[in-house]
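Student: here is a sequence together with a model predicted from it:
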Amino acid sequence: MRAAENLGRFMLGSQGLCRCAICHDVEVKVSEQVGSDVVGRADSRVAVRSRSWAAALTCAGLAMVLTSCSPSPAAPADAALTIASPTATASASAATTPAANLGDSRAPASTVTTTITVGPAPFSVAIDGTTHTAYVTNSEGGTVSVIDTRTNTVTTTIPVGQLPYSVAVDEAAHTAYVTNAGGGTVSVIDTQTNTVTTTITVGQYPAEVAVDEAAHTAYVANNDDEDGAVSVIDTQTNTVTTTIPVGRRPGSVAVDEAAHTAYVANNEDGTVSVIDTQTNTVTTTITVGPSPVSVAVDAAAHTAYVIYGLEDAAVIDTQTNTVIATLTVGMSPMDVTVDAAAHTAYVPNYAAYVPNNIDGTVSVIDTQTNTVIATLTVGNKPAALAVDPATGSVFVANSGDGTVSVLTAR
């Protein structure tokens with residue numbers, strides 16, 4: 001979901017407490033029957049007025065949400081407008097407690113409801129929520145399977161480059177970007193016609209790609225060079241505008257649009273490079289653990305999740321760029337993605353080995369407590385996954401059997 005569209009929904013009772021999802025520096029006491037809308041700020045004061053369902057606040061020039069809203073008994077219908085200032089307690093708690101995630105709260109996906117056959121060795125998946133479409137890279141077939149997420153059927157297959165690795169969707173521009181690891185290129189797909197419109201040369205063995213829709217930019221982690229680099233693509237011209245040196249063998253990249261930041265997992269360094277996307281320079285480097293393979297950002301909660309090692313995940317506070325927690329997931333985790341509305345992160349465990357059996361699973365992480373709350377069995381060697389923002393369904397690419405498992409809530 002794009003930063004400027006993050007209008008979360010919640011129910012408030014009288015004297016509910018809310019905190020800004022971006023700056024964390026304000027707690028607002030609300031006396032409204034149904035909901036509240038933050039309509040302005042002045043001298044760190046926040047004006048609150050009645051509005052059913054949505055709450056929004058302008059912070060750093062973007063429309064963002066109030067989160068961490070604690071309901072209490074409903075107030076009378078004629079409850080008065082209130083204006084509240086931040087307190088020392090609010091600032092202290094904001095410094096230590098991430099805000100809750102955006103959107104309507106929903107249950108995490110927990111059950112495989114269908115399995116879709118795609119191409120050989122699917123390795124990445126991305127979802128276009130506006131068109132109800134999923135794009136799956138088939139690494140051994142040189143193609144992308146297009147899935148209608150309403151019917152869970154493959155509608156077409158698109159030829160791309162050699163060894164397609166990762167795919168990311170720019171919903172606003174009706175475009176998908178596919179990294180071709182075997183050719184050092186990125187295929188650009190028009191998602192309205194499902195055809196390749198151009199091919200962009202990037203670095204050697206391009207791995208993951210991430211799109212910053214607001215800045216009209218795509219970031220590609222080039223994994224082959226020991227002196228790692230990220231290619232920056234102008235998505236309006238589809239040209240590489242600069243190359244950013246990062247750590248050794250970068251394999252994953254994630255963008256926090258609201259914070260103008262990108263996070264790059266450097267597999268051989270055991271680090272994450274933090275990029276200022278306004279200047280395209282590395283501002284700091286965070287040590288996580290051996291062989292980080294994937295990173296995902298929860299923008300509302302100011303956290304990033306990094307998968308590393310044989311069965312580990314690190315949680316980064318993106319305001320301080322420090323590791324605040326670690327946890328154990330399944331064996332050989334390959335990817336991580338966040339569903340903000342369900343307060344959940346999902347990790348496909350590439351191959352959890354039991355004697356004479358390969359048991360592909362997905363670890364489900366509660367992002368409020370940073371604990372693993374479930375382990376779900378999917379297909380053979382799950383390599384990547386993506387969450388449908390509209391439904392909360394999780395699409396898991398199983399590289400070992402050429403399928404996509406669809407997880408839904410019970």
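Tutor: Everything's here; your move. Numbering: from 1, shown residues only.
Student: low-confidence ranges in this structure?
Tutor: 1-105, 225-226, 349-359, 410 (pLDDT under 70).
Student: can we see that at 80?
Tutor: Scanning the chain for pLDDT under 80 picks out the ranges 1-106, 224-227, 331, 349-359, 409-410.
Student: please enumerate the helices of it.
Tutor: 88-96 (DSSP state H).
Student: how's it carved up into domains?
Tutor: According to automatic domain parsing, the chain comprises the domains 3-96, 111-408.
Student: for those domains, give me CSV that also has mean neighbour count.
Tutor: The C-beta positions use only the backbone N, C-alpha and C, and glycine is treated the same way. Output for the domains of the chain, formatted as CSV (neighbours: other C-beta atoms under 10 Å):
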stretch, mean neighbour count
domain 3-96, 17
domain 111-408, 20
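Student: didn't P122 look like it was pressed against N398?
Tutor: Yes. Using C-beta atoms under 8 Å, P122 is in contact with N398, at 6.7 Å.
Student: identify the residues contacting the nearest residue to D190 once chain neighbours are set aside.
Tutor: Nearest non-adjacent residue to D190, counting by C-beta to C-beta, 6 or more residues apart in numbering: T197, 5.0 Å away. With contact set as C-beta atoms under 8 Å, 6 or more residues apart in numbering, T197 has these partners: 188-190.
Student: if I look at T197, how far off is E268?
Tutor: Plainly put, T197 is 34 Å away from E268 if you go by C-beta to C-beta, to the nearest Å.
Student: which one among the contacts of T197 gets closest to D256?
Tutor: Nearest to D256 out of the contacts of T197 is V188 (C-beta to C-beta; 23.5 Å).
Student: please save the CA atoms from stretch 222-230 in PDB.
Tutor: What follows is stretch 222-230, C-alpha atoms only, in PDB (Å, rounded to 0.1, in the frame of the first residue of the first chain):
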ATOM      1  CA  ASN A 222      22.900  -7.100  -8.000                       C
ATOM      2  CA  ASN A 223      24.100 -10.300  -6.300                       C
ATOM      3  CA  ASP A 224      27.100 -11.500  -8.400                       C
ATOM      4  CA  ASP A 225      29.800  -9.000  -7.600                       C
ATOM      5  CA  GLU A 226      31.700  -9.300  -4.300                       C
ATOM      6  CA  ASP A 227      31.700  -5.500  -4.300                       C
ATOM      7  CA  GLY A 228      28.000  -5.400  -4.200                       C
ATOM      8  CA  ALA A 229      25.900  -2.700  -5.800                       C
ATOM      9  CA  VAL A 230      22.200  -1.600  -6.200                       C
END
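Student: got the contact list for it?
Tutor: 181, 184, 202-207, 219-221, 231, 243-251, 253, 262, 264, 266-269, 275.
Student: mind listing which of the residues you listed are in strands?
Tutor: Within the contacts of stretch 222-230, residues falling in strands by DSSP state E are 206-207, 219-221, 231, 243-245, 250-251, 253, 262, 264, 266, 275.
Student: dump the residue contacts of N266.
Tutor: Going by C-beta under 8 Å, 6+ apart, N266 touches 228, 246-251, 272-273, 292.
Student: my bad, should have said P108
Tutor: Contacts for P108 (C-beta under 8 Å, 6+ apart) come out as 339, 342-344, 364, 373-374, 392, 409.
Student: out of these, which are inside strands?
Tutor: Members of these lying in strands (criterion: DSSP E): 339, 344, 364, 373-374.
Student: what would those look like in CSV with distance to T320?
Tutor: Below are those laid out as CSV (distance: C-beta to C-beta, whole Å):
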residue, distance to T320
D339, 24
T344, 23
V364, 26
I373, 26
A374, 29
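Student: so which of the residues you listed would you say is closest to I158?
Tutor: D339 (26.5 Å).
Student: can I assume that closest one is in contact with A386?
Tutor: No. With contact defined as C-beta under 8 Å, D339 does not reach A386; the gap is 9.8 Å.
Student: shared neighbours of the two, which are they?
Tutor: In terms of C-beta under 8 Å, 6+ apart, D339 and A386 are both contacted by the residues V394.
Student: any idea how far the residue nearest to V230 when sequence neighbours are not counted is from V282?
Tutor: Leaving aside its sequence neighbours, V230 sits nearest to I244 (C-beta to C-beta, 6+ apart; 4.5 Å). Noted for I244: a distance of 7 Å to V282, by C-beta to C-beta.
Student: what do the two both touch?
Tutor: Common neighbours of I244 and V282, using C-beta under 8 Å, 6+ apart, are I275.
Student: leaving out chain neighbours, which residue sits closest to T191?
Tutor: H174 (4.9 Å).
Student: and the one you found, what does it touch?
Tutor: 190-192.
Student: quick check, nearest of these to I307?
Tutor: T191 (27.8 Å).
Student: check contacts around the closest one.
Tutor: 128, 131, 133, 135, 169, 174-176.
Student: which of those fall within strands?
Tutor: In strands, defined here by DSSP E, the members of those are 128, 133, 135, 169, 175-176.
Student: which pair of the residues you listed spans the longest distance?
Tutor: T133 and T175 (12.3 Å).
Student: may I see the contacts of H174 organised as TSV, with distance to Q162 added?
Tutor: Converted to TSV, the contacts of H174 look like this (distance: C-beta to C-beta, whole Å):
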residue	distance to Q162
D190	21
T191	22
Q192	25
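Student: any idea which of those is the one closest to V288?
Tutor: T191 (33.5 Å).
Student: how close does the closest one get to E213?
Tutor: As judged by C-beta to C-beta, T191 and E213 stand 13 Å apart.
Student: likewise for E140?
Tutor: To E213, E140 is 30 Å away according to C-beta to C-beta.
Student: over to V295?
Tutor: Computed as C-beta to C-beta, the V295 to E213 distance reads 18 Å.
Student: repeat for V306
Tutor: From V306 to E213 the distance is 23 Å (C-beta to C-beta).
Student: and what of L385?
Tutor: Here L385 is placed at a distance of 21 Å from E213 (C-beta to C-beta).
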